[in-house]
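> okay, structure incoming, though there's no sequence with it:
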């Protein structure tokens, strides 16, 4: 299958399986849908964006669905991004741009964030939540500029410090939102 065929397969699968309804059944359904099409995504993305492909492959294949921190609002935002991804692809047919936008969508869906509610104070970029492995604290990292903040206090932390981060799991964020906001 050509790269254009793979893009078509990914868009068709997402439209008919992942974003078929306004609200997903559960996290397992979301993750299984992504796992089903991951081969078609990874086949070409690993040559275009190898580091991002590896990071997302780890999430897709190694993290159990129950551990993912996905909210209803994150899913709603991902639907909007998917609509824009489809529209942009219909007009541009630019491969590198497609994979960049696809990875933004997957990050929005699989990495805990409150994009609708907060942003980086310096560049207004999206903030994704991580656990700092050494101190076991929740941190927010800006996708755009890389600034790091303490999630509890929103205090900006020094960038020069090397942080060992892993994505924040549902269990790490239990007190962040009400029970009815999680999927």
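Cool, got the structure. On a predicted model such as this, the values are computed, not experimentally measured, just so you know.
> could you say which helix or strand holds the residue nearest in space to the middle of the chain?
Among the residues of the chain, the one closest to the centroid is residue 107, at 1.4 Å (Cα atoms, centre = their mean). Secondary structure assignment for residue 107, by DSSP states H and E: helix 95-110.
> next SSE after that helix?
Later in the chain than helix 95-110, the nearest helix or strand by DSSP H and E is strand 127-132.
> low-confidence ranges in the protein?
160 (pLDDT under 70).
> which elements pack onto the helix holding residue 107?
The contact analysis (3 or more Cβ pairs under 8 Å, 6 or more residues apart in numbering; DSSP states H and E) places helix 95-110 against helix 3-13, helix 27-48, helix 50-62, helix 72-92. Quick note: C-beta positions are derived from backbone N, CA and C, even for glycine.
> adding mean neighbour count and distance to residue 111, write those helices out as CSV.
Shown next, in CSV, are those (neighbours: other Cβ atoms under 10 Å; distance: least, Cβ to Cβ, whole Å):
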stretch, mean neighbour count, distance to residue 111
helix 3-13, 16, 19
helix 27-48, 17, 13
helix 50-62, 15, 8
helix 72-92, 16, 9
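> ok, back up a step: the helix holding residue 107 versus helix 3-13: what angle between them?
Taking axes from the mean of the first three to the mean of the last three Cα atoms, to 10 degrees, one finds helix 95-110 and helix 3-13 inclined to each other by 30 degrees.
> near residue 66, how many other residues are there?
The local packing of residue 66 (other Cβ atoms under 10 Å) involves 12 other residues.
> A helix includes it, no?
Yes. Counting by DSSP: H, G, I helix; E, B strand; the rest coil, residue 66 is found in a helix.
> what residues are up against it?
Listed by Cβ atoms under 8 Å, 6 or more residues apart in numbering, the contact set of residue 66 reads 27-28, 170.
> now swap in residue 148 and tell me
Residue 148 neighbours (Cβ under 8 Å, 6+ apart): 139-142, 156-157, 159, 163.
> just those residues now: which is nearest residue 75?
residue 140 (20.0 Å; Cβ to Cβ).
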